[in-house]
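Peer 1: Can you look at this prediction? I've put the sequence above it.
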Amino acid sequence: MLLRSVTIRVIADAAGVSRGTVDKVLNDRPGVSTPVRERVRKLAAELGYKPNLAGKSLAFQKNPLRIGFILLKGGDPFFQEIREGVDQAALELAGFGIEVDCRMMAGASVAEQVECIRALAREHLAALVLSPLDDPAVAEELNRLAAGTGIRIVTCNTDLPSADKLCFVGQPLRKSGRVAGDLMAKLLPRGGDVLVVSGLTQIKAHRDRLEGFVEVLAEEHPGVRIVHTIHDVGDDGMSHRAVAAYLSSHPAPQAIYLTGLGIAGVGRALRERGRPEIRVVCYDRVPETVALLKDGIIDFTITQDPFMQGYLPVKLLFDYLFNGNVPATKDLYTRIEIVTRENV
């Protein structure tokens, strides 16, 4: 007996709706009520519907699906490495009719990020990936976009809990802060004072790392004490001035912990003050960090696989848009690696 091919028409007839409605449901586009959407999906599953991948690929090549990608601080080598992951994924998917438009912000301002979101939204996107600033204006813009156009949102590197998103891709940030605290305790087995240089408050990743650091010290290493926290450090100039001023007017701490930006400035301040004995734990493997590791200024840096933070969001969105596969988890974590002078 010949089996009847399960097509969009078959599902439409069974559900009592138009083929256009079924197409919207199967491709997760807006404009269909929740009860109808659920009925169509249930029938498609029961009937054993399998998408025509070759036909879909051909259709996408004629009318490409566009994915927008917004990254912070375009001149930062870390975000440049994320961009390399984005470009590699885009290259691999070019034959499937997927286009990726990656925008690098000049800095990390809310106004610039909102404008980037709006500019990309005018380009008929199917999805948007970004490293979001944790600000109500950014969340409002993303949620308006998701509700009004059906554009799916993925956050990478740093998260925005109030945004309506498909998932987050990046380091398990609180855990990475706990790892940093444990490393600091190993550097200071008899305890000691730690100066914290914390990154931009509007980048949730920096806050999460600090929370994890504080948490593990309180739980397991009470002898390691945070004596002062310098907040909202956004570049090397700021970190250099702040750390140099602190060392000039306070007893030297035994260690410094950075949650984000500014490692080159900290290294310069330590050299100028002749304090190479101060231990340092920081993040990422950018050229400045590598040089300071080799010089013995940094003891540990914790990396977060930036290439995959660019690569994975594009690939999972392709799987979602092309195959209808929803990510298995709301948080897709990249690996944590501890780097020292010996394995840099």
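Peer 2: Nice, I can see it. Numbers count the residues shown, from 1 in each chain.
Peer 1: in stretch 284-293, what's buried?
Peer 2: Buried residues in stretch 284-293, counted by 16 or more other Cβ atoms under 10 Å: 284-286, 288-290, 292-293. Placement of C-beta: from N, CA and C, glycine included.
Peer 1: out of the residues you listed, which are inside helices?
Peer 2: Under the assignment DSSP state H, these contribute 288-290, 292-293 to helices.
Peer 1: export these to JSON lines and tack on pLDDT and distance to residue 315?
Peer 2: Below are these laid out as JSON lines (pLDDT from 0 to 100; distance: Cβ to Cβ, whole Å):
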{"residue": "288", "pLDDT": "94", "distance to residue 315": "30"}
{"residue": "289", "pLDDT": "96", "distance to residue 315": "27"}
{"residue": "290", "pLDDT": "96", "distance to residue 315": "28"}
{"residue": "292", "pLDDT": "97", "distance to residue 315": "33"}
{"residue": "293", "pLDDT": "97", "distance to residue 315": "31"}
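Peer 1: quick one: contacts for the nearest residue to residue 290 once chain neighbours are set aside?
Peer 2: Take residue 290 and drop its neighbours on the chain: the residue closest to it by Cβ to Cβ, 6 or more residues apart in numbering is residue 344, 5.5 Å away. By Cβ atoms under 8 Å, 6 or more residues apart in numbering, the residues touching residue 344 are 285, 290, 293-294.
Peer 1: try 7 Å this time
Peer 2: Contacts for residue 344 (Cβ atoms under 7 Å, 6 or more residues apart in numbering) come out as 290, 293-294.
Peer 1: try residue 228
Peer 2: So residue 228 contacts 195, 246 (Cβ under 7 Å, 6+ apart).
Peer 1: Kindly state the beta-bridge partners for it.
Peer 2: residue 195 (DSSP bridges).
Peer 1: Buried residues, the helix or strand where residue 9 lies. List them.
Peer 2: Assigned by DSSP states H and E, residue 9 belongs to helix 8-15. Within helix 8-15, the residues scored as buried using 16+ other Cβ under 10 Å are 8, 10-12, 14-15.
Peer 1: Could you save those as TSV and add columns showing pLDDT and distance to residue 187?
Peer 2: Shown next, in TSV, are those (pLDDT from 0 to 100; distance: Cβ to Cβ, whole Å):
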residue	pLDDT	distance to residue 187
8	78	62
10	80	66
11	86	62
12	84	65
14	83	66
15	86	63
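Peer 1: which one of these is nearest residue 329?
Peer 2: Within the buried residues of helix 8-15, the smallest distance to residue 329 is 28.6 Å, found for residue 11 (Cβ to Cβ).
Peer 1: Would you mind measuring from the closest one to residue 330?
Peer 2: Applying Cβ to Cβ, to the nearest Å, the value for residue 11 to residue 330 is 29 Å.
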